[in-house]
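K.L.:
I'd like to go over a predicted model; first the sequence, then the structure.
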Amino acid sequence: MSQGKVKVIVLRTAGTNCDHEAAFAFESCGARPRLVHINQLLCKEVHLQDFHILAIPGGFTYGDDLGSGRILANELRLKLGEDVRSFIEAKKLIIGICNGFQVLVPAGILPGAAEGAGFAQRATLTNNDSGKFEDRWVYLKVEGNSVWTQGLGDVVYLPVAHAEGKFVPADDGVLAQLKQNGQVAFRYCDPRGGKPVYPENPNGSVDDIAGITDKTGRVLGLMPHPERHFLFTRHPFWTRLSLPAGKAGPNGKYGHGAKIFENGVQYVKKHLL
Amino acid sequence: MIWRVEIKQKAGVFDVAGAGIQKDIVDLGVNFVHKVEVIQVYNIEGSISEGQVTRICRELFVDCITQEYAYCRLNEWRVSDAKAAADRRAIEIAYNPGVMDPVEESALKGIRDLGIAQVQAVRRARRYLLYGNIPAQDLEIVTSKVLSNKLIQHVVTDPRGQKTFLFAKPKESFALIQVDLLGANDKKLKATSHDGQLFLNLNEMKAIHAHFKKLGRNPTDCELETIAQTWSEHCYHKTFRGNIRYRENGKTKTRLIRNLLKSTIVKATKEINKSWCVSVFHDNAGVIKFDKDMHVCFKVETHNHPSALEPFGGANTGVGGVIRDILGTGLGAKPVCGTDVFCFAPPDMDFAELPPGTLHPKRIMKGVVGGVRDYGNKMGIPTVNGAILFDKRFVGNPLVYCGSVGLIPKNRVRKKVRKGDLIVVVGGKTGRDGIHGATFSSGELTENSEVVSSGAVQIGDPIQEKKVLDALMQARDKNLYTAITDCGAGGLSSAVGEMAGRPSKRGSVLGARVDLDKVPLKYQGLNYDEIWISESQERMVLSVPPRNWKAFQEIFAGENVEATALGEFGGSKRLELFFKGRQVCDLDMTFLHNGVPKITKEAYWHSPKLARPRLSKSVDLNIKLREVLSHYNVCSKESVIRQYDHEVQGASVIKPLAGARCDGPSDASVLAPRLGSVKGIAISNGINVRYGMIDPCWMAASCIDEAIRQIIAVGGDIRQIAILDNFCWGNPDKPDRLGGLVRAAEGCYKAAAGYKVPFISGKDSLYNEYTQNGKSLAIPGTLLISAIGIIADVTKTVTMDFKNPGNLIYCAGKTYDELGGSIYLDTFGLLGNAVPKVNFQQGNKIFTAVSKAVKSGLVRSAHDCSEGGLGAALAEMAFSGGYGATIRLDKVPYKGKDKRNDTVLFAESNSRLILEVEPGNQKKFERLFQGSACAVIGVVDQTPGLVVYGLAGEVCIHSTLDVLKQAWQRPLQG
């Protein structure tokens, strides 16, 4: 691999399916993404430490057969736990989108280990209150101070597409910690940033939580798909909005999700290269 | 040892599955069940300790935050429900032995990942606790209609009875069965076909008889099955390729049609001769040019019969099947989107009206939608387009059309098997599922079908197919194989038979030698003929040169996909199969592919005698507009669309739902499948059975017009559109059914040639009839036209929602007094007689002008005018945009004797679009339409209401948008 490039590993396995668009998003921001099957990590053909950003994209890993993300979560925890831990300790970045979030949570990587403990599950993403898979666009209030969400603005518009996205913390203590540490990154909201009702909160998540980080803000997991609003023309009613004249600004060529990937790449350039 | 684990939601956690089941029970009309709890049961077989069971539960099976679990040794399990309150019943349902449950394989992997190696089998069940005072009869109904499908599942009365979940050891020996044909008379031949579920007619049986008589031996069962599969209507399309003696309307003169397909559909494509058609009719999908690197391919299939019996599984494997068509096109294309169209009986149909042995349309719809959702979403292929049509006559034969679009590199379109190539099967293992699918779909359904043809039900495993896709794309790009085809109807027999060479003018016939013992099996005990014709899903067959075999295997192993060499393609011109060292099949390839006796069928078309309906002069059009919007065929399908992931792959530019609140009905869907490029494709469809009840010829033309104008509406170009035909018809051996089919095919020719829009692929599913007590119920002749358009720049496309108050509303295209088959007349229970016709010259002018206007940025919104006419189109544009409109019917370009407001408002004349234009662009816009019917009919209003002035200047509709939107959204909401 060449020097000076932001290297992103887009981790895939059976049932991963948003890998190409995630890679496209990183690549468009100047990074060098590589799609890597978990088998390649397990047989040590590829090494996690050679990358700066670990992206776990959406999909239905292993069919979500024993609960969404569960089997891949166990593989990460049991077979690659040390590698993931040192990856985080090296101040590198992790992003889990949709199914990727559903992997990070049962693996215990999010919301992150309690002080001095190993990875342990402290929250879950369970069945939507509607009882079904839904593909719809949601407004999200940006909170916290994660490297991933810098400069996103107050409210962003992204799609969700899942059946199991209801965020439930293990207990009130976990929830209180999340708030206290500023680990809530995205909350579902109404178009003006106010309190949402269904379907604005599409799944019944506790406290309208759509995405969280670990304590450092460098590990982000979220149910909505920023890579699906990477380009302006993916906005569901872009034909009603006027394209800003002149240069393609963040809302010209690019959509609301683009900044998240750009932030990841910029962070690496500034701190890790 | 077997451990039994039971998992349920913790107290206070919403039981989604239970609530869903409870709702289904209420939908069934059973009101005694007020609550349902679902318990997941896992039986784990293997010598593992209690500690290991706990670990499997805590770290794998159970979400400890929302669920709790209990376990015991299976033989010590106690029926804890026995003592339960009188108002609780427990029903446990498990899959039948041999039915594949992908979850079990995942569970085994998950357990191995925990470092526990001794588990041999995991078998799932579901235990339902039903609360309420439930009469025994209702319990039986609930069990058979909601909780289980006896084709694939059974009720577990006492779980302790199960000693092992492992299959018995295979038998070492087998008997080669020969079928006595040589000594058979006609009666015996017929009986042989019937009893063996071969669905071959007497002539065909006689041809087989003659062939083997020449050889001086009887065929093996395997040989006979192979011939039946290859010659089935499903695989060979005997009706479309055979002779038809056609006669019309009491005339005595008959016309002989040799090969209906070549004389209509294919003929149009040949005449049009588009340079961008790359591969038409001969591969798994039609291929056209896309951009400088890629071609795009499109295929639509039907999966009707399986979906009638097991809606979820049928639709699930229907989607899986058509995706494999795309994977098997050329050297393999990458699927980029799906389109799925269904025809059901109305969801509010009375249970008393259901023929015995049929499922309620509501259950069928739920299952079918679920099946499509499951496969498409899990494969990561967006379902971007579709339609749902309701008509009572689909009650015994629902229709499920599944379509898929793929991208393929330009240099991967041609395939050719070479002598010496290995015959390789990749993907899923082979089991007993789907046996006789091809022949089964070539016959009529009866009330006994669900018993007799139970083997025809298949279960899908989308993750397996996703793995195949992931591996295949790598092998393709490394050029490791010479040809590929999908394993669909007929299983290996069709796939290998086809690849070994269908004799053609250019190509020579090869031959194949297969060791059936090598086929990876789901379980032991399958006989050679079962292995050969099984339709187990998620398998592809490839020809791999021996020098590439190692590299090929490595790629598939890297994705955990099984790849097995079964034999090789050779020059013998014979199909030779071996099992346990003995030859079980030795067929001449030429006879297999060319030996079908050409048949001649009779067709008769008789125009129905239909009167012009007389309607009252004082119809309240406010009420009627709401009724039209609430019609099942017009109303919002949002509750279905939202369940499909229509945005995965990140390419959707115009989504199926549009407008200010993302809930308006888009015309065509538009994607830009190569991320970063603005080049796009638009996908649409046209389907309407009511026109066909008046005249199938104009039905076909109307469907083609509709599919085209939906693409025009988003900004497509008529010179860049290709179409697919999909006929679903009744029994073609009945002359009246076949007569309608001929007329529809001729309508296809007329419209395709008229618009110079070529067909690139197609399919037919015949014998869609349901026989009950000797009486046959046929579906209405149904034609689905699917269209694909190439979009030069997706940033120039438009949606259908009104954008700005003050903009002008144009109607392009002429309206005629054509209420025949309209939704409007259907709200009176009438059909009418004036079916919409198409003037291709006028239509072409309109479409060309609209394309130019959209491309030049002169159009702010455009909507196709179809079912429900102007009235429905205007209402949809208004409530989707959140802006009202004032419309004057006297300004609508109209030609007809009937000077009635309702005719102008609801006639479904073809080639019309409604367009929104800014006042400043009026002149530029109108210049494009010189010589065509196109006029300003109103203006977009800030006020959220629709006001329509009638022909005499009176207000005939005045309604708020909320009321109209509600009428449109309510019928199929959630």
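P.N.:
Received the coordinates, thanks.
K.L.:
going forward, measure contacts and count neighbours with C-alpha atoms only.
P.N.:
Noted.
K.L.:
Now do stretch B:390-404: distance to the chain's middle.
P.N.:
Chain-centre distance of stretch B:390-404: 9 Å, with CA atoms, centre = their mean, to the nearest Å.
K.L.:
Would you mark the buried spots in that stretch?
P.N.:
Residues B:390-404 are the ones in stretch B:390-404 that count as buried (16 or more other CA atoms under 10 Å in any protein chain shown).
K.L.:
ok, now stretch B:967-974?
P.N.:
B:967-969, B:971-972.
K.L.:
Could you point out which of the buried residues of stretch B:390-404 is nearest to B:Cys811?
P.N.:
B:Phe390 (28.4 Å; CA to CA).
K.L.:
sorry, back to before: considering the buried residues of stretch B:967-974, which is situated nearest to B:Tyr131?
P.N.:
Looking across these and measuring by CA to CA, the closest to B:Tyr131 is B:Leu972, at 28.2 Å.
K.L.:
I'd say that closest one and B:Lys637 touch.
P.N.:
Yes: look at B:Leu972 against B:Lys637 with CA atoms under 8 Å: they come within range, at 6.6 Å.
K.L.:
What are the structural domain limits within chain B?
P.N.:
B:2-161, B:798-974 (automatic domain parsing).
K.L.:
Contacts only, for B:Glu538.
P.N.:
Applying CA atoms under 8 Å, 6 or more residues apart in numbering or on different chains to B:Glu538 gives the contacts B:320-321, B:324, B:427-428, B:460-462, B:464-465, B:468, B:487.
K.L.:
let's go with 10 Å and repeat that
P.N.:
By CA atoms under 10 Å, 6 or more residues apart in numbering or on different chains, the residues touching B:Glu538 are B:317, B:320-321, B:323-324, B:426-430, B:459-469, B:486-488.
K.L.:
Those also near chain A: which ones?
P.N.:
B:461-468 (CA under 10 Å from any CA of the partner chain).
K.L.:
Taking these, tell me the two that lie furthest apart.
P.N.:
Greatest spatial distance among the ones next to chain A among the contacts of B:Glu538 (CA to CA): B:Asp461 and B:Val468, at 11.2 Å.
K.L.:
Spit out the residues that contact these two alike.
P.N.:
Common contacts of B:Asp461 and B:Val468 (CA under 10 Å, 6+ apart): B:428, B:538.
K.L.:
re the thing from before, and the furthest pair within the buried residues of stretch B:390-404?
P.N.:
B:Lys392 and B:Ser404 (27.8 Å).
K.L.:
Show the low-confidence segments of the chain, by residue range.
P.N.:
Just going to use chain A. Residue ranges of chain A with pLDDT under 70: A:1-3, A:114-117, A:242-252.
K.L.:
To clarify, I was referring to chain B.
P.N.:
Residue ranges of chain B with pLDDT under 70: B:80-85, B:167-172, B:434-458, B:502-507.
K.L.:
Quick one: distance of the lengthiest helix in chain B to the chain centre.
P.N.:
The longest helix of chain B (DSSP state H) is helix B:735-755. Distance, stretch centre to chain centre, for helix B:735-755: 22 Å (CA atoms, centre = their mean).
K.L.:
before we move on, what about stretch B:151-166?
P.N.:
Put simply, stretch B:151-166 sits 33 Å off its chain's centre (CA atoms, centre = their mean).
K.L.:
Then stretch B:282-289?
P.N.:
Centroid separation for stretch B:282-289 versus its chain: 18 Å, with CA atoms, centre = their mean.
K.L.:
quick one: contacts for B:Asp733?
P.N.:
B:239, B:600-603, B:766-767.
K.L.:
which one of those residues has the most neighbours?
P.N.:
B:Leu766 (27 neighbours; other CA atoms under 10 Å in any protein chain shown).
K.L.:
measure it to chain A for me?
P.N.:
To chain A, B:Leu766 is 34 Å away according to CA to the nearest CA, to the nearest Å.
K.L.:
quick one: that residue from B:Ala701, how far?
P.N.:
20 Å (CA to CA, to the nearest Å).
K.L.:
circling back: looking at the contacts of B:Asp733, which are in helices?
P.N.:
Judged by DSSP H, those include B:Thr239 as members of helices.
K.L.:
Count the residues that sit near the closest residue to chain A within the stretch 851-974 of chain B.
P.N.:
In the stretch 851-974 of chain B, the residue that lies nearest chain A is B:Arg860 (8.2 Å; CA to the nearest CA). Neighbours of B:Arg860 under the rule other CA under 10 Å: 23.
K.L.:
follow-up on the earlier one: of the buried residues of stretch B:390-404, closest to chain A?
P.N.:
Nearest to chain A among these: B:Ser404, at 16.7 Å, using CA to the nearest CA.
K.L.:
Name the nearest residue to that closest one, sequence neighbours excluded.
P.N.:
B:Gly338 (4.4 Å; CA to CA, 6 or more residues apart in numbering or on different chains).
K.L.:
State the number of residues packed around that neighbour.
P.N.:
Neighbourhood size, B:Gly338 [other CA under 10 Å]: 26.
K.L.:
Just the C-alphas of the helix or strand harbouring it, formatted as PDB.
P.N.:
B:Gly338 belongs to strand B:334-344 when assigned by DSSP states H and E. Only the C-alpha atoms of strand B:334-344 are listed here, as PDB (Å, rounded to 0.1, in the frame of the first residue of the first chain):
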ATOM      1  CA  LYS B 334     -24.400  -8.000 -11.500                       C
ATOM      2  CA  PRO B 335     -28.000  -7.400 -10.400                       C
ATOM      3  CA  VAL B 336     -28.800  -3.700  -9.800                       C
ATOM      4  CA  CYS B 337     -32.500  -3.700  -9.200                       C
ATOM      5  CA  GLY B 338     -35.700  -5.700  -9.100                       C
ATOM      6  CA  THR B 339     -39.300  -5.100 -10.200                       C
ATOM      7  CA  ASP B 340     -42.200  -7.300  -9.000                       C
ATOM      8  CA  VAL B 341     -45.800  -7.300 -10.100                       C
ATOM      9  CA  PHE B 342     -48.600  -9.300  -8.500                       C
ATOM     10  CA  CYS B 343     -52.200 -10.200  -9.400                       C
ATOM     11  CA  PHE B 344     -54.400 -11.300  -6.500                       C
END
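K.L.:
Pull out the buried residues from the following helix or strand past it.
P.N.:
The helix or strand immediately downstream of strand B:334-344 is helix B:361-379, counting by DSSP H and E. By neighbour count with 16+ other CA under 10 Å, helix B:361-379 contains the buried residues B:361-365, B:367-379.
K.L.:
Please apply the same query to stretch B:8-18.
P.N.:
Buried, per 16+ other CA under 10 Å, within stretch B:8-18: B:8-9, B:15-18.
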